[in-house]
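In: A structural model of the following input is requested.
(2 chains)
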Amino acid sequence: MSTLAVGSILSAFTPAVITMAALVIGAYLLTVFEHCLAWGSLRQARAAFVAPLADVVALLRQADTPPEHPDGFLFRSAPIVALATVGLAALVIPVGRGATGLDSSIGLFYFIVLLSPFVIAMMNAGWSSNSKVGLFGTFRAAAHLISYEVPLGFAAIGAPMAAQSLAIGRIVEAQSSLWFGVWQPLGVVIYLIASFFVCFRHPFDAPQASSELEGGIFAEYTGPRLLIFTFALKAIFLVLMAMAVALFFGGWQGPVLPGPVWFALKTFLLAMVVIALSRFVPRLRSDQMLTLSWKALVPASLLNIVVVGVLTILIYGVK
Amino acid sequence: MRLTGKDSAPSAAPGAPRARPHTTERLGWLDRLASRRQRYLPIDGGAGAQLFAALAGQSPLVREVASPRHADLLIIAEPLSAQLAPALATLARSVPQPARVLLVGAGGASASPEARALFPDAPRVPGEIQAILAALTAPARLPRLRLSDAAPADESPTISLPPKREREIATELAVLSLGPLQPFTAGPLRLWLICDGEQVLSCQVDAGYAARNIAGRMRESAWQDAAALAATLDPLAPVASRLAYVRALEALQRWQLPTRVAEAREAALAVERAENALWWCVRFFRLLKAPMLIAHTFPLATRLAAAGARLWPTLPPSAWLLPQGDAPTVEASAVEALHGLAADIEHLARALSRQRLPQLRTREVGQLSAQRLTEAGVSSGPVLTASQSGAGDIQSRLLARLRMAATALREIAPGARDAARGPARTPTESGAPSWDVPAGEAEGAAEGPRGRLAVRVRSEGGTRPTEITWQRPSATLLPLLPEVLRGQKVADAEMIVASLDLAMAEADG
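Out: Numbering: from 1, shown residues only, chains lettered A, B, ... in the order given. All right, here's what the predicted structure looks like:
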């Protein structure tokens, strides 16, 4: 194989490898934070640093025991699809000036479209398990699918409206003087709530309700496949928070520190804040989530579009 | 990626590259790291509800999971009945290897025959948090989960679906089987929810998995041995169970209770009611997945457990709850701590009544009227109190239990200072108990955590009872389940069952 070909392959894979490595580290730190938040005391917090590593090793060593008569292809492919969509979605997020895996002029559109296969992978996980609890989890996940798309899209569209571009790098650069989140607070809130729908995070974790459905869509998964799903859920949450930072909080921009450092700090700070706030709400039912989405978030997101449109004209003028 | 066991290094042919052997040290390090984290599946045979509620909040390295496929450790709280064995065997077969098992005893020196039959190699520890944690700190010493070859297969009963109506838009009904090992009741219970999507159309209850025939065994035992059996009727309320029996004997013996003994017994009942209420709150908030409420309730429950243990520094209630027996003096400082705890519980109840977010899942859900409860034979308990003074929904049951706990603790009479350092008054020194029971019939009752626990005893003057009949509060609530669950969402149905606080060991008898 020629040197040029090897170089091309390496240059193609390098962003993906770096992205996955960043997601792994991010998922680990997120897990540590969740443990520290749950346990409080310093003595328990020290154990929180070991617990995720021990989980990984234990799950890798666990035997793979599939359920009886699953849909083999869907059962085996679901975690791979989930992981792949997370990785692909993360590629378009710029962590610094020019530091992005995939610089696309329609980056935001590409990102939003890629969220759907992730949720469908979750649905496949429950459907293919050939179990009642998985089936119930699948239909709850379907409710998530139709709950997040419109509010998240309409909330995120405010940033491209202001930046007049779907390219995420351009959106970040357009916030050099004022973050979009300052004058689009409604969009921020809607985006963050809809993000929880996508990630199946508490309080919207009914599809995998551990107490109600014995794990729901993940009830029949063991070992490495369960590990992949666990990682994918945390990674997609980080990716969504990173996108929120890019859309509303100035991305990598900040004084003194390098751009990627600012980006990482903002992402983790935002993730920690929303996780801490979510602890005040109990787990909501699927119909409550649908009600919240269609009766509150969708009208609010439409209002957000109107408000952002008017403010964009006032701030940036008519071109 | 699979980490296999240690392989012996193949002998290398001359000139062939030497294969890298697996070193014991590398695998041992991974073993140690993997074993640091215990993902356990709790199996509650009837006595483990409070234990598991406490265990789940001990360490981030010991985590409770809901699916057997996610677990690497089964913690089984006895008692186990023969009816539960098939379901338990099926569950154990679902746990992926490597897995381990730990038996937690409810009492007695050895494991129950059913537990030994299923898990012949499983170690057994006493039903105490510290004993379980000590076993979990060295999980590698726990033997691998090995199911007995004679373990029965689960022959799950089938149910008949309601006839399919001819409709323009027809939907298929789904039957969701919850249990018998599920987290909504304290002990095993199977519920068949016949659902149209997320809505429960009807429910069938399959109880009896925790039946131990306590009444029958008491009839075959001497009076003194029957007292020990009475305490196991409700393993979560041994004081109430035992006291009901002791009062029945004292009624037959026509014994007048001294005030000090009455106060001590009421104090023991009060602490038990409060403990049950608080640990139930911890379990309920975990099912509801309300992290902030767990964070507020768990410390209260652990403080109560510590303060309750200090009430009688020399003798626990099981040692002095005897017919015509004396009672040790309560420790005054412990009573003061309990009174302070009562104020904190009342504060929590007030906060819960104001917070809107938790009420999204509890308000106007699972309503039961007081009239309906009375018709069903429910005569006391927090479920009835909630229906009489509130809306009879989950929210009112939650508040009723908290207020019951606070009231019970506040009404404990102040004891004597330094009771531990005073002269120890044991039942053997004064007020010797009497197991001579004359002929007659009498009823004894005690206000337990779930309502009035009563027993009717008939004696013919012999060495053992002739007739024992228990009135169990959880058993009167079971027939109401199909009615209260009809029309509810699946998620709400499970919370409703949890809100009734059914103790299946007590309900099945």
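
In: Am I right that B:Leu338 is in contact with B:Ala307?
Out: Yes. Using Cβ atoms under 8 Å, B:Leu338 is in contact with B:Ala307, at 5.3 Å. Where C-beta positions appear, they are placed from N, C-alpha and C, glycine not excepted.

In: Flag the shaky bits of chain A, pLDDT-wise.
Out: Along chain A, the parts satisfying pLDDT under 70 run over A:1, A:40-43, A:318-319.

In: So what's the residue count around A:Ile25?
Out: Using other Cβ atoms under 10 Å in any protein chain shown, the number of residues around A:Ile25 comes to 12.

In: list the helices and strands the helix or strand hosting it packs on?
Out: Using DSSP states H and E, A:Ile25 sits in helix A:3-39. Counting contacts by 3 or more Cβ pairs under 8 Å, 6 or more residues apart in numbering or on different chains; DSSP states H and E, helix A:3-39 is packed against helix A:42-61, helix A:72-91, helix A:223-248, helix A:259-278.

In: So which bits of the stretch 101-250 of chain A are right by chain B?
Out: Residues of the stretch 101-250 of chain A lying near chain B by Cβ under 8 Å from any Cβ of the partner chain: A:132-133, A:135-136, A:139-140, A:202-203, A:205-206, A:209-215, A:218-224, A:226.

In: rerun at 10 Å
Out: A:129, A:131-133, A:135-136, A:139-140, A:143, A:202-203, A:205-206, A:208-216, A:218-224, A:226, A:230 (Cβ under 10 Å from any Cβ of the partner chain).

In: Compute the first-to-last residue distance for stretch B:67-80.
Out: 20 Å (Cα to Cα, to the nearest Å).

In: That stretch: which residues count as buried?
Out: B:67-80 (16 or more other Cβ atoms under 10 Å in any protein chain shown).

In: Kindly indicate which of the residues you listed lies nearest A:Ala174.
Out: B:His70 (45.0 Å; Cβ to Cβ).

In: my read: the closest one touches B:Arg37, true?
Out: No. B:His70 is beyond contact range of B:Arg37, at 12.0 Å (criterion: Cβ atoms under 10 Å).

In: which neighbours do those two share?
Out: Shared contacts of B:His70 and B:Arg37, defined by Cβ atoms under 10 Å, 6 or more residues apart in numbering or on different chains, comprise A:Leu59, B:Arg63.

In: Those residues of the stretch 351-500 of chain B touching chain A, which are they?
Out: So the stretch 351-500 of chain B meets chain A at B:355, B:357-362, B:489-495, B:498 (Cβ under 10 Å from any Cβ).

In: Cross-reference those with the strands and report the matches.
Out: The members of these all map outside strands under DSSP state E.

In: which of these are buried?
Out: By 16+ other Cβ under 10 Å, these give B:358-362, B:489-495, B:498 as buried.

In: Which of the residues you listed fall within helices?
Out: B:Gln359, B:Leu360, B:Arg361, B:Thr362, B:Val490, B:Ala491, B:Asp492, B:Ala493, B:Glu494, B:Met495, B:Ala498 (DSSP state H).

In: now for these, which pair is the farthest apart?
Out: Maximum distance among those (Cβ to Cβ): 19.7 Å, for B:Gln359 and B:Val490.

In: thinking again about what came up before, whichever of the residues of the stretch 101-250 of chain A next to chain B end up buried, select them in ChimeraX.
Out: Here is the ChimeraX command that picks out the buried ones among those, judged by 16+ other Cβ under 10 Å:
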select /A:129,131,132,133,135,136,139,140,143,202,203,205,206,208,209,210,211,212,213,214,215,216,218,219,220,221,222,223,224,226,230
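
In: Would you mind naming what in the stretch 1-150 of chain B lies close to chain A?
Out: B:1-4, B:29-39, B:41, B:57-72, B:93-99.

In: residue ranges with poor pLDDT in the stretch 151-300 of chain B?
Out: Scanning the stretch 151-300 of chain B residue by residue, the ranges that satisfy pLDDT under 70 are B:151-171.

In: The same query, at a cut-off of 90, please.
Out: Where the stretch 151-300 of chain B drops to pLDDT under 90, the residues are B:151-179, B:196-197, B:255-264.

In: All the helices of it, residue numbers only.
Out: Ranges of helices in the stretch 151-300 of chain B, per DSSP state H, counting those that start in this stretch, are B:214-219, B:223-231, B:238-253, B:259-288, B:291-311.

In: what about the closest residue to A:Arg279 other than its chain neighbours, how many neighbours?
Out: Sequence neighbours aside, B:Pro291 is the residue nearest to A:Arg279 in space, at 4.1 Å (criterion: Cβ to Cβ, 6 or more residues apart in numbering or on different chains). Using other Cβ under 10 Å, B:Pro291 has 21 other residues around it.
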